[in-house]
Each structure stands twice: as C-alpha cells, then as structure tokens.
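S.K.: Fold the following for me, if possible:
(chains A, B, C and D)
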Number of protein chains: 4
Amino acid sequence: MLRQAADRHGLLVASEVAEAAHVAALEPHVDLLQVGARNMQNAPLLEALGRTRRPVLIKRGVAATIEELLLAADSILAGGNESVILCERGIRTFAEHTRHTMDIAGIVEVKKLSHLPIVADPSYGTGRRDKVLAMGRACIAAGADGLIVEIHPDPDNAQRGGAQSLPLGQFAELMKQLHLIAPALGRSL
Amino acid sequence: MLRQAADRHGLLVASEVAEAAHVAALEPHVDLLQVGARNMQNAPLLEALGRTRRPVLIKRGVAATIEELLLAADSILAGGNESVILCERGIRTFAEHTRHTMDIAGIVEVKKLSHLPIVADPSYGTGRRDKVLAMGRACIAAGADGLIVEIHPDPDNAQRGGAQSLPLGQFAELMKQLHLIAPALGRSL
Amino acid sequence: MLRQAADRHGLLVASEVAEAAHVAALEPHVDLLQVGARNMQNAPLLEALGRTRRPVLIKRGVAATIEELLLAADSILAGGNESVILCERGIRTFAEHTRHTMDIAGIVEVKKLSHLPIVADPSYGTGRRDKVLAMGRACIAAGADGLIVEIHPDPDNAQRGGAQSLPLGQFAELMKQLHLIAPALGRSL
Amino acid sequence: MLRQAADRHGLLVASEVAEAAHVAALEPHVDLLQVGARNMQNAPLLEALGRTRRPVLIKRGVAATIEELLLAADSILAGGNESVILCERGIRTFAEHTRHTMDIAGIVEVKKLSHLPIVADPSYGTGRRDKVLAMGRACIAAGADGLIVEIHPDPDNAQRGGAQSLPLGQFAELMKQLHLIAPALGRSL
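M.R.: Numbering: from 1, shown residues only, chains lettered A, B, ... in the order given. The predicted model follows:
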C-alpha cells in the first residue's frame, strides 16, 4: 500500500525491519531497509540484511562505540550487500538539555576509518525542534553526507514527533543555510 | 615579562587563574582571565573575578550541566563584572575516539538561555589534530561566537599539546572554511 | 547434546536466544532462555518469549534505564509468561577501571518498583577477576536475589573469559562470605 | 563557636574548606578538613592542605577517574600530610533513578592501588532516602572503610537534605545490618 502511494507520487519507501525473518518479505516493497538503534547489534538481522540487495541504513545505538557501529556494518558487508549507510543520532550522557548528546566527532571518526557514507539525525538526536537547524548545520559542516530531518506542516498538532519536527518554513531555511555551508567542504547539495 | 613581550608585538595576554587570592595581583598584567574547567565551581575564585573589571573566560567542567555553567557565570556577573565569556570544550562520556565528547547542542542551549558569548575549543575538546578542522567548522555552524584553536609551526615536535595542535597551513585552511560558513548564519568573521 | 550432558549430571541448561524465530525450536531443550543485553529491546524476540513457558533471564542493556528494563520485562509478561528474571551487569560510563560501571542502586530501584527477581553479574559487569568477590558481596548486600559468576579451574589458561573468571578456591570463599552477609537482610542462601 | 559546642559534648568538628587562603585560619578549630568534590582538583588548596597536620577528607569529583582522585591525594601527601581519607559519592551517568551512580568498583580499585582509607557517602551519592540502607550495606560489603550518612530526627521537615537523610530508627537498623556484614570481610565495626 505504501509502495503504491510512493509510486503514484514518485517517492521512495524506507522501512525499519526488526527481525531477520521479515527481511525477505519486505525486500520487494521497499527502496531502503532501516536498522533501528536498538537492533544495531542484532546479529541474525544483520546477517539477513547482508543477503538482500537493498540499501541498508543502520542507526548507531545510544551506547555504541564507533568501532561497534563499524563492526555492525561489516556484518552486512560480509554477506555481500555493499550498500550500507550509517547514521549518527546521539549517545546517552549525563546532559539533559537534549534527548541524547550528538557525537559529531563520531561522524568525523567514521569518515576517517571507513568509506561508508554517514548521515545524521538531528531531529531524533536532540528531540528538540529549537535545536534541529543549528545541529543540522553542524553535522553537515563536520562532514556528514546527509541529514534525516522530520518535518510536519503543523508540528504543534502532530500525532507524534511534533516536539522534534520542523515546520515547512524552517525546513526551507535549513536547506538555504546548508547550500551556503556545503561549499566550505568542497561539496554541493 | 609576558606583558612586555605582548606589548612589543601588539598581542593580548590571557592567563588562567586558579586561586581567588591571585586575582588582584594578576589583574594589571593581563587582558583576559581564564577559569579552568576544574575550577568552574570554585566559589571564592568566581566571587573574586566578579570584583575585577577584566573579561573572564570560564570553561565548562567535564561533567557540568549547562545550568551549572550559567550559574558559575552568574556568580561573576553578580559581583558587577559583566564581561563573561563561556567556553564549551567537551564532556566526559563513554566514547573513546576523542578525549571528550563535544556537546555542540550545549552551545545552542547557551545561546537560547543567555546573552553571554560562548566559544568552543575543538583542540582540547577532541585532543586529536585530525578532528580540529571538522569540529571547528561544526561549532561555528552551530552558532559558537568564536574558537580557541591551538597552533604550532611544527606540532610533531611541540613540547606540549602537539597531538591537538594544528600546523599553520591547516589553520589557514580552517579560517578559509569559516569565512564560507559564517554567512550561512548571517554573520561575518 | 547439551541437554543430554546436563541430564546425565543433573544440571540445568540455559541458552541465549537472539532471534524470535528460534524460540520455539529451543524451548524443549533448555530450562532457561536468556536475552542478551544487545537484544533487551528486540521487540519481536520479547513477544516470542512471552508465548513460551520457560523462565526468561533478561539482561539490562549497557545504556538502558531501569524503566526501559522493566518495560522489556513487561513485553514478556504481557504475553502470559510470568517467569521473568532481570539481570544487572553494568552500564557504560566514563570510568575505565572496570569494563562497565555496575549500577547497584539500579538493583534497589528494581526491588522497589517491581516484584520480579533481579540477579547481578559481577564477572561480566566488572570484567576484572580481582573485583568479582567484592562486587558480588556488594550486590547481595544491596538486595540482589542471586549472582551469575563465571568460574574456571584454571582461569589464566581459559579459552575465553579468563580475565573475569574466578578459580574454584575464590568461588568457595565468595560463597562463605555471602553466607555471612545474607542474614543481614533477613535472608539465607 | 562550633568548636566550643563540640568540646562541650565530646564531638569532633569537620569543616569543608574551599580556598587555600583559609586553611591556616581553620586549622586550629577543626579536627578534620574536607575538600568538596568541586574542589578535588583545586591545586593551590591541595598544596595548602599538604602543609597542615589535620586529617583531610577528599571527595571524588562527579567526573573524576580513580587515577585523578589518587593524584589529588598525592598532592596532599607530597606536602607531608599523611592523613588523607578518600570518599566515593557517585559519578555522573545517564541513569536518573539516583542523583549520581555510585561507582562501588571504584572503592575496590582504590583498595587495590593505595593504602589510603576510603569511605562512601550513600546519602549524597544516591540523593534518595529509600536507597541509603541498601547502598550503605553494599559499600561496606565491597570493602569501604566507613560511611558518611546523613541523619535527622524528622527528615520530612528538615531545613535541608531531608530527601537523603535517614530517620534515627533507620540509622539504628543500618548499624545493626553492618554489624552482621563486617565479619564477612574479617572486620568488626
């Protein structure tokens, strides 16, 4: 159903998969399979994803080291699936002004150790709408290959995720800012 | 002596002060007084700094919350000294790929809660030369009002701090990148 | 095979299960099913365990809050399986003198909020043989309902886990100490 | 005044000192000088305490490693004052069910690396009255040389610290429990 709606509007479908047994059934219907942070070290799931040919986005666990994140990616690569994207979205620390503490130096470490692309999720990582623009800019400025940003036409009345979702106007502003920052890294959007 | 050397070359002198009793003696000789992270909650020191008229740079403790950092600044402001600058230079977490984890969202939180300027120290905060450029860009992109960056003409043979110091060429590159990023925030360097 | 060896010697079999699809196949052969810390929030696995009638031991994730641990247990209880045992085995912090930091107050919090039994694993939690006795005593003194302790006749030559395994003599000493501590809590071993 | 009240009732006086310049003036009036966690790395203060002959109790900072705690103690010992007592009272982690996470394995590490006595403060370390007994037992069972416990005849109406203070009856219960636990370590109270 999601597939049909996406095709009608020329969109792609990404879906989280939490169980090795579901991978094969999902594969024909999605463009990207996501591994949630809680499943980052779910060995059977990672193995099953190694056998698909869909791109996989794997989210860093809230207490995972960069080494553990790269090992998780290796489990997928080892199965023959070379399309793995990593995602930084915060680690657990004592700091309480954001949901998690985004470890932006972790993005830099990944770029140094691996050829894999890494994106950042400032919406989930901060959990605070008033920090998404600034942290989105910071992640791109540090070298992240992309952002996952939650948007909503009316975040205050969103059914879920409203506290971390950008209204459309702010999203446009963020995109404008990123267009200015990217060239500092020799990149374009 | 430091004072004379600085005057000869038109430089400013910044000095760390670790004891309330030393503030008065240092005051005539320096342009900026620094409070180290270990002394961020040294109440007598903060009080003594409230009575000077020199600008004070106060570094966030490795386990200090943003609230505690702002309360430390308030101790100085309450004494009548209105020139207080804050500094983010990392918090202690489980992550081991950098000395500390820079809490860039903490910079954003400070900008939201306070009128005080905040700078970031990616040299000390990461402890790794290969991360200073990327983290310096990220801090400025997030809204930091400045950077503290350690530089050395020959870092590999520096007497101290070499592992986190930039050679001059990389510093020039960083400055060039920041010139491109600042306009994204409506700022210029 | 493990089952046959156990039966021959009057032992019980505990086995970790990492995938929902494996639960049914394992069930007839084991006395206890374990959920590893990495799978503490593996929703399909927890659901599948709710449908078995084997006791389940669920290990706290290295960055899991007590609330999240109890919610994971609830997922199993909700399926009708009432035999759930929790396990504290350390959280990730900046401290480096042990593998993880055992959150003994977390044991106390579990006893306050829940009727479920909770055991502690000082072998894995510390990763250091020289701390197992002291931390085992501390966990029992705090109210833990049991301990998981790795032992080996010759730990220095163990194939794995030697660094955290007790030789038999130290295990006997620990048991003697626990016999003295238990009465302080109105308990006996 | 505190001194006179103490002498009248045969009590000892302990006082926190936060500034090197105050040490000499306090020395004649107190039996024990305390260094707060915020001052654990206040170098001039530690040096001044090395020159007194009063015992010094030094509290571990909330983000201090065991190595840093022992180095702070060394600064005092190096001055010739051999009466140094350490104190574990919790570190900052993501866990929120207690004020701090008591690092009981840190006590064990100190006993291994140093001859210095170490006490624990479960009142401050947990910040929760309902955890003081259990954590006090745990610290003693792990090998702590003593406890700092806040008590109050009517904690619910205490001017400060009520949430972490024991009523007298619970303190008596704790003492009874510790009398039973100490022999497990070959000790008596």
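
S.K.: in chain A, which helix or strand is least confident?
M.R.: Using mean pLDDT, DSSP states H and E, the weakest-scoring helix or strand in chain A turns out to be helix A:2-9, at a mean of 86.

S.K.: which other residues reach that helix?
M.R.: The contact list for helix A:2-9 (Cβ atoms under 8 Å, 6 or more residues apart in numbering or on different chains) reads A:L11, A:L12, A:V13, A:S15, A:H29, A:V30, A:D31. Bear in mind the C-beta positions are built from the backbone N, C-alpha and C, glycine included.

S.K.: A:A141 is in contact with B:L180, isn't it?
M.R.: No: the pair A:A141 / B:L180 is not scored as a contact, 9.8 Å apart, by Cβ atoms under 8 Å.

S.K.: Overlap of the contact sets of the two?
M.R.: Both A:A141 and B:L180 are contacted by A:I181, A:A184, under the criterion Cβ under 8 Å, 6+ apart.

S.K.: Looking at these two, which is more packed in?
M.R.: A:A141 (30 against 17; other Cβ atoms under 10 Å in any protein chain shown).

S.K.: Give me the nearest residue to the more buried one, chain neighbours excluded.
M.R.: Nearest non-adjacent residue to A:A141, counting by Cβ to Cβ, 6 or more residues apart in numbering or on different chains: B:A141, 3.6 Å away.

S.K.: Next one: that neighbour, what pLDDT does it get?
M.R.: We have a pLDDT of 98 for B:A141.

S.K.: what comes up buried for the helix or strand where it lies?
M.R.: Element membership for B:A141 (DSSP states H and E) is helix B:129-142. The neighbour-count check on helix B:129-142 (16 or more other Cβ atoms under 10 Å in any protein chain shown) flags B:129, B:131-142 as buried.

S.K.: count of residues packed around A:D121?
M.R.: Using other Cβ under 10 Å, A:D121 is surrounded by 28 other residues.

S.K.: for the closest residue to A:G161 other than its chain neighbours, phi and psi?
M.R.: In this structure, A:G161 finds its nearest non-sequential neighbour in A:E150, 5.4 Å apart by Cβ to Cβ, 6+ apart. Reported as degrees, to the nearest 10, the phi and psi values for A:E150 are phi -90, psi 130.

S.K.: A:E150: how many residues sit nearby?
M.R.: By other Cβ under 10 Å, the residues close to A:E150 number 20.

S.K.: hmm, back to that, looks like the residue nearest to A:A141 contacts B:L185 (just checking).
M.R.: Yes: taking Cβ under 8 Å as the definition, B:A141 is a contact partner of B:L185 at 7.4 Å.

S.K.: Toward the C-terminus, what is the element adjacent to the helix holding B:A141?
M.R.: Downstream of helix B:129-142, the first helix or strand assigned by DSSP H and E is strand B:146-147.

S.K.: Of the contacts of helix A:2-9, keep whichever come out buried.
M.R.: Buried members of the contacts of helix A:2-9, counted by 16+ other Cβ under 10 Å: A:S15, A:V30.

S.K.: can you put the contacts of helix A:2-9 in CSV and add secondary structure, pLDDT and distance to chain C?
M.R.: Conversion of the contacts of helix A:2-9 to CSV gives the following (DSSP: H, G, I helix; E, B strand; the rest coil; pLDDT from 0 to 100; distance: Cβ to the nearest Cβ, whole Å):
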residue, secondary structure, pLDDT, distance to chain C
A:L11, coil, 88, 27
A:L12, coil, 90, 25
A:V13, coil, 92, 21
A:S15, strand, 94, 15
A:H29, helix, 93, 18
A:V30, coil, 94, 18
A:D31, coil, 95, 23
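
S.K.: Quick check: the residue of chain A nearest chain C.
M.R.: Residue nearest to chain C within chain A (Cβ to the nearest Cβ): A:A63, separated by 3.0 Å.

S.K.: and that residue, what is it in contact with?
M.R.: Contacts of A:A63 by Cβ under 8 Å, 6+ apart are A:I91, A:R92, B:F94, C:G61, C:V62, C:A63, C:I91, C:R92.

S.K.: Take these and lay them out in JSON lines including distance to C:G146.
M.R.: Shown next, in JSON lines, are the contacts of A:A63 (distance: Cβ to Cβ, whole Å):
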{"residue": "A:I91", "distance to C:G146": "31"}
{"residue": "A:R92", "distance to C:G146": "27"}
{"residue": "B:F94", "distance to C:G146": "27"}
{"residue": "C:G61", "distance to C:G146": "20"}
{"residue": "C:V62", "distance to C:G146": "21"}
{"residue": "C:A63", "distance to C:G146": "24"}
{"residue": "C:I91", "distance to C:G146": "20"}
{"residue": "C:R92", "distance to C:G146": "24"}
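
S.K.: okay, those residues in a markdown table with secondary structure next?
M.R.: Listed next are those as a markdown table, based on DSSP: H, G, I helix; E, B strand; the rest coil:
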| residue | secondary structure |
| --- | --- |
| A:I91 | strand |
| A:R92 | coil |
| B:F94 | coil |
| C:G61 | coil |
| C:V62 | coil |
| C:A63 | coil |
| C:I91 | strand |
| C:R92 | coil |
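
S.K.: of all those, which comes closest to chain D?
M.R.: Checking the contacts of A:A63 against chain D with Cβ to the nearest Cβ, the nearest one is A:R92 at 4.0 Å.

S.K.: With C:A24 as the reference, measure out to the closest one.
M.R.: 34 Å (Cβ to Cβ, to the nearest Å).

S.K.: More neighbours: those two, which one.
M.R.: Of the pair A:R92 and C:A24, A:R92 is the one with more neighbours under other Cβ under 10 Å, namely 23 against 11.

S.K.: mind checking which helix or strand the most centrally placed residue in chain A is in?
M.R.: With distances taken as Cα atoms, centre = their mean, the residue of chain A nearest its centroid is A:C87 (4.1 Å). Assessed by DSSP H and E, A:C87 sits inside strand A:84-88.
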